[in-house]
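Q: Sequence and predicted structure are below.
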Protein chains: 2
Amino acid sequence: MGTIYDLAKITGFSITTVSKALNNYSDVSEKTKAKIVQAAADMGYLPNAHAQSLSTKRSWTIGVMFSEANEVGMMHPFFNAIIESFRKATEQQGYDLIFASRNLRNRDMSYLEHFRHRAVDGIVVICSDQMDKQVQELIQSTIPIVVVDMDSSDCSVVFSDNLSGGTLAVNHLYELGHRLIAHIAGDMTIDAGLARIEGYKQAMDRIGLPIPDGYLINGGFFSVEEGKQAMQTLLDLPKRPTAVFVAGDQMAIGAMEAIHEAGLHIPQDISVIGYDDIEMSKYVTPKLTTVRQDTERIGQHAAELLIEQIVNKQRVMTTDIIPVELIVRQSTGPVKA
Amino acid sequence: MGTIYDLAKITGFSITTVSKALNNYSDVSEKTKAKIVQAAADMGYLPNAHAQSLSTKRSWTIGVMFSEANEVGMMHPFFNAIIESFRKATEQQGYDLIFASRNLRNRDMSYLEHFRHRAVDGIVVICSDQMDKQVQELIQSTIPIVVVDMDSSDCSVVFSDNLSGGTLAVNHLYELGHRLIAHIAGDMTIDAGLARIEGYKQAMDRIGLPIPDGYLINGGFFSVEEGKQAMQTLLDLPKRPTAVFVAGDQMAIGAMEAIHEAGLHIPQDISVIGYDDIEMSKYVTPKLTTVRQDTERIGQHAAELLIEQIVNKQRVMTTDIIPVELIVRQSTGPVKA
DNA sequence: AAATTTATCGAAAGCGCTTTCGGTGAAATG
DNA sequence: CATTTCACCGAAAGCGCTTTCGATAAATTT
């Protein structure tokens, strides 16, 4: 406890000198610097972050906002992995994360208002909803920002190479001999979902495979339940697919459940490949083949991009695409002869 | 943007009156209050949180700290669920969460130092490590605090009824006809792990079942991998158990993997029951029977406990135990005849 | 009409810190 | 020896807000 005033009194210097000593200014002698630092250590002095922020207009905080349809917040396994990596990268630089709510002191405010109130130095938004007004508002603001998993030309964005991801999945299935390949897609209002659809279509086209009616089915917003339902209607098709590319691991897990419940076997009767490579993918039975998104790299890169903008005090609008990787496990196999 | 000075200039009142109007003081007339509020809305005025904090000595922030052996941070599925519920409860009251790091501006500091620096109003620690010096330091401090999942008589704590949980698991297995019931335990340095062991022992004792050599095995720190290993040594036992109670769902998933790899079937050959009921438990195959911890309630209760201390400005040291619930799914079944 | 309340407002100090700018004495320069 | 330079330090203003304590004019009471 204690303030620089206490420190000044104890050491006999002015608060100016104390402050300078603590901040390692060059115009205070090594001798007095040492004295002051020692006294600070002795009394367990710590600068008050709020006073510092007020004075310097730097808060060393970064606001984080999730925008996703299911409102699971920090329990979203994919977003969560990104944030964890983002956190590690930013904490190294001295930043703390503030998770925005929309309610402050019984006053309902927008995320932007919240962030302005807290005077964050930058914002990261992990967003699946392109249309979210709040996100647009954040992007339009002057606060440094980076958005993950969404496309935009108005700010720095970083997301996976979903187009290649879709292609990767289809090709893998094709090489295993599959010709009846369906796609349980994410909603088209979601950039990632749309890009994976595109990847799927392009790959099918390139291979020369037609997409039968009903083979491209909307799985909604990536939940297990929606994946399950989509798979069920897929199973009811007159000509059932032998393989299905699912746009997200959670949906894929739901799809697997539907397949099991129908008494079919994976991958003998039907192959399934997911997308994301969330934690649990390697623990379901059979272990899920999937397209891995590099959450580690996405989070870290987003952090770098944001901090760069903060320190340089100028916006940069890049769109960085992170490569994905095919992880072959046990849910995909050769087509039945 | 803008400050109360701007508002004062625009409306013609003093900053005092502006501040009072904004804070709904009684000694400013409705008429001027309306004018000021209107002007504030017009200019998009928002109070600067740092200035407010500096002046009121309330920061409306709560520091959160994880302490767990595996360092997975916010990717820990159980802790994570608790924090999410905690967040919802606190955000309603106007608090923001700050996730503590130990590095601030290239200065390595303790969590307590970090929290003091940020002047948080309260602290929540989700802790599995009883011995953590940092946690002790936090508890000894004067900042309002609540700790989850650990026992302590020096502060408010809230955790699950692990004793009953252990008993619940064993009894369920017993009722299915099992007599050879093993326990893959969490490390004994962890309160939760210890209590579940105790529950297991007591239940076995009450039933009159002996605990064969090697049936109580340390699974370490609740990771999938450790659970798998523990199960493997269990399977190598001369007299293999017909059922195993695992102290955590992640370990249980590892155990299931080991069982599958050994060519055995769940629950036909061996029943397994987990603990936690994390998200993925209902998606593994077979779906995991488990003892559910009420993360929703734990998080919310912790929030209430903490906020109460903050507003009343006095420490309370209660230990609240939240009931658990047996969730029967498909990984447990009657013993083979 | 005088005395007292009441309603409404503002000056000023304070929260803990940073930073500009000027001042002082000692060392270096001519 | 006079002058310039340099190293070191502090006064003061400012960051944006809250809160105490008076002050004033209007309303009420006697």
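A: Right, received. Where do you want to start? Quick caveat, the model's predicted, so the values are computed rather than measured.
Q: Share the number of residues neighbouring A:Thr11, please.
A: Using other C-beta atoms under 10 Å in any protein chain shown, A:Thr11 has 18 neighbouring residues. Where you see a C-beta, it was placed from the backbone N, CA and C, and this is true even at glycine.
Q: residues from the stretch 1-150 of chain A in reach of DNA strand C?
A: Applying C-beta under 7 Å from any atom of the strand, we find that the stretch 1-150 of chain A lies next to DNA strand C at A:3-5, A:15-16, A:19-20, A:22-23, A:27, A:45-48, A:51-52, A:54-56.
Q: buried subset of those?
A: Buried subset of these (neighbour count, 16 or more other C-beta atoms under 10 Å in any protein chain shown): A:4, A:19-20, A:22, A:45-48, A:51-52, A:54.
Q: Adding pLDDT as columns, could you present the residues you listed in CSV?
A: CSV is the format used below for those (pLDDT from 0 to 100):
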residue, pLDDT
A:Ile4, 97
A:Ser19, 97
A:Lys20, 97
A:Leu22, 96
A:Tyr45, 97
A:Leu46, 96
A:Pro47, 97
A:Asn48, 98
A:Ala51, 98
A:Gln52, 98
A:Leu54, 97
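Q: what's the average pLDDT for stretch A:132-147?
A: Averaging pLDDT along stretch A:132-147 gives 94.
Q: And stretch A:314-323, by the same measure?
A: On average, stretch A:314-323 scores 96.
Q: ok, now stretch A:191-199?
A: Rounded mean pLDDT across stretch A:191-199 is 96.
Q: Not counting its own residues, what contacts that stretch?
A: Stretch A:191-199 is contacted from outside by A:128, A:130, A:149-151, A:159-160, A:162-170, A:183, A:185-188, A:216, A:222, A:247, A:275, using C-beta atoms under 8 Å, 6 or more residues apart in numbering or on different chains.
Q: Filter those residues down to just the ones in helices.
A: Residues of these located in helices (DSSP state H): A:162-170.
Q: So which elements touch the helix or strand where A:Gln309 lies?
A: Using DSSP states H and E, A:Gln309 sits within helix A:295-312. Applying 3 or more C-beta pairs under 8 Å, 6 or more residues apart in numbering or on different chains; DSSP states H and E, we find helix A:295-312 packed against helix A:77-92, strand A:122-127, strand A:145-148, strand A:156-160, strand A:319-322.
Q: Can you tell me which of those is nearest to B:Ile207?
A: Of all those, it is helix A:77-92 that lies closest to B:Ile207, at 38.6 Å by C-beta to C-beta.
Q: near DNA strand D, which residues of chain A?
A: Proximity of chain A to DNA strand D (C-beta under 7 Å from any atom of the strand) is limited to residues A:12-17, A:27-32, A:51, A:54-55, A:57.
Q: List just the nearest of those residues to B:Ile322.
A: For the residues of chain A next to DNA strand D, the residue nearest B:Ile322 by C-beta to C-beta is A:Ala51; the value is 39.4 Å.
Q: Then the closest one would be within a strand, right?
A: No - applying DSSP: H, G, I helix; E, B strand; the rest coil, one finds A:Ala51 to be helix, outside a strand.
Q: That one: what's its closest spatial neighbour, skipping adjacent residues?
A: Closest residue in space to A:Ala51, ignoring its immediate chain neighbours: B:Leu54 at 5.4 Å, by C-beta to C-beta, 6 or more residues apart in numbering or on different chains.
Q: residue contacts, that neighbour?
A: Shown in contact with B:Leu54 (C-beta under 8 Å, 6+ apart): A:48, A:50-51, A:54.
Q: from the helices and strands packed on helix A:295-312, which stretch is densest packed?
A: Most buried of those, by mean neighbour count (mean count of other C-beta atoms under 10 Å in any protein chain shown): strand A:145-148, with a mean of 27.
Q: So that strand, near chain B or not?
A: No - Strand A:145-148 is not in contact with chain B by C-beta under 8 Å from any C-beta of the partner chain; minimum separation 15.4 Å.
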